[in-house]
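> For reference, the sequence and a predicted model appear below.
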Amino acid sequence: MIKLSLKFKEELQTRYNISTLQTLGNILKTAKNLKQNNNNISCFKNVLSKKGIFVPFRKRKLYCMISVIEAAELLGCSAQNVRKLLREGRMIGEKIGDTWIINQEDVDNFDKKDLRFKLQDEPDKKSRKKPSKNKLNCLSFFSGAMGLDIGLEEAGINVLLACEIDNPSRKTIAFNDPNVGLIGDIRDYSYEEILEYSNLSKNEEVDIIVGGPPCQAFSTAGKRMGFQDERGNVFLKYIDLIAHFKPKYAVIENVRGLLSSTFSIDLEDEITKQHKFNWNKTPSSSLFYIKKKLENIGYKVSFNLYNTANFGSPQIRERVVIICTKLDKAVSHLEPTHSSEKLFKLKKWKTFKEAVEGLNPNECDHINFSEKRLKYIEMLKPGENWRNLPLDIQPIAMGNSFLLGGGKTGFFRRLAWDKPSPTVVTHPAMPATELAHPTENRPLSVQEYKRIQEFPDEWIIKGKILEQYKQIGNAVPVGFGRAIGKAIINHFQGIETKSYAGFKFSRYKNTSETEFEKEFLKNAHQNKEVHIKTAQLSILFE
């Protein structure tokens, strides 16, 4: 006799419409009758195979077929690990369409030594948080240390799921929010599994999807490969998730470099066909493609480049935030709460001194500068950098970097007490982005990093010290997440967001969705004309 788990039965009914072949109960009854009548069980298997379903059968043996998620729970590992075992043939299973099913007996007898995954890895887990009827329910992707999610929760949004592949970050999530669901690489989960881990049924709507897809592919620091980078392709997978679940709201947070990155993969679809220009040679084509992709799936899109200091964060940090909605009206730009000079009667930017006030001096976990760099940092006062070193020492201290262009303000940099911190990065002692304490001869501590990014003191960042710096440096400031959440909730409730004519959200121009598209199309057509003329000239001289 064959027994299917209840969850697996539901999946068969949903995916393969088994009810049209009678009901699942009758199918199982058919199997029992075939066995009692000494008929060949292959008849039953043939019936199922016509539906694209393959179910193993062992004579006179009761067993249960379970899903990958159920197998992962029994083994105490992630669903990702189970799929790997199945693909490599180290665990026996059958595939139904794109879904694996496994005999529970095989799982029970499986030698866990063969899992070959590190015991310190944080496993996936299903959400124990209930979907709220009174709040908007949210799925978070690329969650990191959950700075954005803490802010959203503070704004009144119910975060059901976190998604993260970095193991120290996963440990941070599991330790601080043990009830939230947790999954890994978004490419390894079906849409049904994402809902299951979120504690949502297939009939329940997803209200909000938020995420900051890996930004290194678009960062202005280093090599910028955009969507050609593997991380850039994960960005497109994230948009596919939005297209499938069709939440009321979707949020994309990313670095400033997204505004100028080129769409660097060869892709032919309705968007690239409609707009005939050289995509991989046209600056800003990545963001233009994203905007059109979201609009084509029915979203109204708004975005801007925001300095997080304008929203109460004690830090100069510029990030692009895209908010799109399925509702009738686009979401307004975020409402600032602070300004650099108390403009529009807003509060003045928070300072580093305000951020770290009250920190326990006995809790100060930090790395150290090398002796070579420390001797120059010791010469500097609060708010100074390499340019404040004696003129004859500057070339010695800077070495080859002395001849490079640009301001190079991150070299030998001490923070000022009376200003917001510069952008906290993933390592406070890298030469070009040093973050030294205003008066103490050391880099900023983990605790100071947390205060700058507005994490609660009780939010514990797990991992080794460099892993902690990295998690905090990659995070969205909590207050900025709260501003994003507030904009969504106000829009959903029909509350008008305050706007201030002429307010500068960042240092740059033409960064709102309307200004950006107008400027982009003008430049794209100019580039196209140049490309055509260049091609014509090359033909003449052949």
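That came through, no problem.

> Please count neighbours and contacts with C-alpha atoms only from this point.
Fine.

> so where do the strands sit in the stretch 251-400 of the chain?
300-307, 318-325, 338-339, 347-348 (DSSP state E, counting those that start in this stretch).

> Report pLDDT for Val68.
For Val68, the model assigns a pLDDT of 87.

> Quick check, it in contact with Lys84.
No: counting by Cα atoms under 8 Å, Val68 sits too far from Lys84 to count as a contact (10.7 Å).

> Out of the two, name the residue with the larger neighbour count.
A count of neighbours by other Cα atoms under 10 Å puts Val68 above the other of Val68 and Lys84, at 21 against 13.

> measure the closest residue to that one other than its chain neighbours to Phe235 for me?
Spatial nearest neighbour of Val68, excluding adjacent residues (Cα to Cα, 6 or more residues apart in numbering): Ala79 at 5.9 Å. Distance of Ala79 to Phe235, given as Cα to Cα, to the nearest Å: 22 Å.

> So between those two, which is more surrounded?
Shown here are Ala79 and Phe235; by other Cα under 10 Å, Ala79 has more neighbours (25 against 21).

> Is Arg128 in a helix, a strand, or coil?
coil (DSSP: H, G, I helix; E, B strand; the rest coil).

> In contact with it: list those residues for me.
Asn179, Val180, Gly181, Asn199 (Cα atoms under 8 Å, 6 or more residues apart in numbering).

> Compare those residues and tell me which is most surrounded.
Neighbour max across those (other Cα under 10 Å) = Gly181, 26 neighbours.

> And the nearest residue to that residue once chain neighbours are set aside, what's its pLDDT?
Leaving aside its sequence neighbours, Gly181 sits nearest to Ser127 (Cα to Cα, 6+ apart; 3.6 Å). Model confidence at Ser127, expressed as pLDDT, equals 97.

> Also the one 10 residues further on?
Per-residue confidence at Asn137 stands at 98 (pLDDT).

> Number of residues surrounding it?
23.

> Equivalent analysis for Glu363, please.
A count of neighbours around Glu363, defined by other Cα under 10 Å, yields 10.

> OK, contacts around it?
With Cα under 8 Å, 6+ apart, Glu363 has these contacts: Gln447.

> Which parts of the chain belong to which domain?
Listed by automatic domain parsing, the domain ranges of the chain are 2-115, 137-350+478-526, 365-474.

> Pro123: which of these is closest?
Closest to Pro123 of the domains of the chain, according to Cα to Cα: domain 2-115, at 4.8 Å.

> check which helix or strand covers Leu182.
Per DSSP states H and E, Leu182 falls inside strand 181-183.

> Mind giving me the packing neighbours of that strand?
Packing partners of strand 181-183 (3 or more Cα pairs under 8 Å, 6 or more residues apart in numbering; DSSP states H and E): strand 158-163, helix 191-197.

> Who does the shortest one pair with, and is each partner parallel or antiparallel?
Applying DSSP bridges, strand 158-163 is found paired with strand 137-141 (parallel), strand 181-183 (parallel).

> Quick one: closest of those to Leu75.
Taking Cα to Cα, strand 181-183 is the member of those nearest to Leu75, at 15.8 Å.

> tell me the average confidence for the closest one?
96.

> Would you mind listing the outside residues contacting it?
78, 123-129, 160-165, 170, 174, 194, 197-199.

> same check, this time on stretch 296-308
Stretch 296-308 is contacted by residues 243, 256, 291, 294-295, 315-327, 329-333, 477, 480, 505-506, 508, 511-513 when judged by Cα under 8 Å, 6+ apart.

> in it, what counts as buried?
Neighbour-count burial for stretch 296-308 flags Tyr299, Lys300, Val301, Ser302, Phe303, Asn304, Leu305, Tyr306, Asn307, Thr308 (criterion: 16 or more other Cα atoms under 10 Å).

> Looking at the residues you listed, which is nearest Phe492?
Using Cα to Cα, the buried residues of stretch 296-308 come closest to Phe492 at Lys300, 13.8 Å.

> do you know how far the closest one is from Thr514?
Lys300 is 12 Å from Thr514, by Cα to Cα.

> What number of residues are in the vicinity of the residue nearest to Gly181?
Around Ser127 there are 23 other residues, counting by other Cα under 10 Å.

> Hmm, Asn199 and it touching each other?
Yes: using Cα under 8 Å, Ser127 makes contact with Asn199 at a distance of 5.5 Å.

> shared neighbours of the two, which are they?
Leu160, Gly181.

> which residues does the most centrally placed residue in the chain contact?
Geometric centre of the chain, nearest residue: Phe142, 2.4 Å, by Cα atoms, centre = their mean. By Cα under 8 Å, 6+ apart, the residues touching Phe142 are Ala162, Cys163, Glu164, Ile165, Gly211, Gly212, Pro213, Pro214.

> In three-state terms, how would the closest residue to Ser67 other than its chain neighbours be classified?
For Ser67, ignoring the flanking residues on the chain, the nearest one in space by Cα to Cα, 6+ apart is Ile101 at 5.0 Å. Following three-state DSSP, we place Ile101 in the strand state.
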